[in-house]
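J.: with the input below, show me the fold.
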Amino acid sequence: QLQLVESGGGLVQPGGSLRLSCAASGRHLDYYAVGWFRQAPGKEREGVSCIGIDDGGAFYTDAVKGRFTISRDKNGNTVYLQLNDLKPEDTGIYSCAAHWFSCDTYESSRDFNSWGQGTQVTVSS
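T.: As a prediction, the model looks like this:
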């Protein structure tokens with residue numbers, strides 16, 4: 001059974017950077033599309049980014065395009081999300097989850113499974 005664990009969150013000033021990690025165990029992450037999601041206080045969870053199977057494309061919500069980069073470390077069975085030029089509106093709990101086939105539904109998180117516990121990102125001066 002696939003299990004995911006996120007790490008790398010923290011408190012950072014506006015304009016700063018963080019790298020989030022989504023580490024897998026149980027199954028190899030190459031067989032899944034992997035999405036990153038965030039939930040801000042009082043708001044619904046939203047899809048932030050997704051990477052397809054076999055690096056079959058990387059997708060980003062408009063709010064993070066040009067600032068966030070998703071990637072895979074195949075040897076380490078980990079998916080990363082590099083967060084640059086962070087803004088206060090990026091604050092939230094960031095979670096990763098896997099889809100057995102594609103990134104098509106990452107914006108709604110429909111059919112994504114094996115959710116991790118999340119890691120807190122706080123952007124504040």
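J.: tell me, what residue is most central in this protein?
T.: Closest residue to the average C-alpha location of the chain: Trp36 at 2.2 Å, with C-alpha atoms, centre = their mean.
J.: so what strands line up beside the helix or strand hosting that residue?
T.: Assessed by DSSP states H and E, Trp36 sits inside strand 33-39. Next to strand 33-39 in the sheet, as set by DSSP bridges, lie strand 46-51 (antiparallel), strand 92-99 (antiparallel).
J.: residue contacts, Gln82?
T.: Gln82 makes contact with 17-20, 68-71, according to C-beta atoms under 8 Å, 6 or more residues apart in numbering. All C-beta atoms are positioned from the backbone trio N, CA, C, and that covers glycine.
J.: that one in helix, strand or coil?
T.: strand (DSSP: H, G, I helix; E, B strand; the rest coil).
J.: which residues does Cys22 contact?
T.: Neighbours of Cys22 in contact, by C-beta under 8 Å, 6+ apart: 4-6, 34, 36, 78-81, 96, 116.
J.: quick one: which of the residues you listed is most hemmed in?
T.: Greatest neighbour count in the contacts of Cys22, by other C-beta atoms under 10 Å, goes to Cys96: 31 neighbours.
J.: show me the beta-bridge partners of Gly35.
T.: According to DSSP bridges, beta-bridge pairing links Gly35 with Cys50, Ala97.
J.: per-residue confidence at it?
T.: Confidence at Gly35, expressed as pLDDT, is 97.
J.: just checking, it touches Ser109?
T.: Yes - using C-beta atoms under 8 Å, Gly35 is in contact with Ser109, at 7.0 Å.
J.: mind checking which of those two has more residues around it?
T.: Gly35 (26 against 19).
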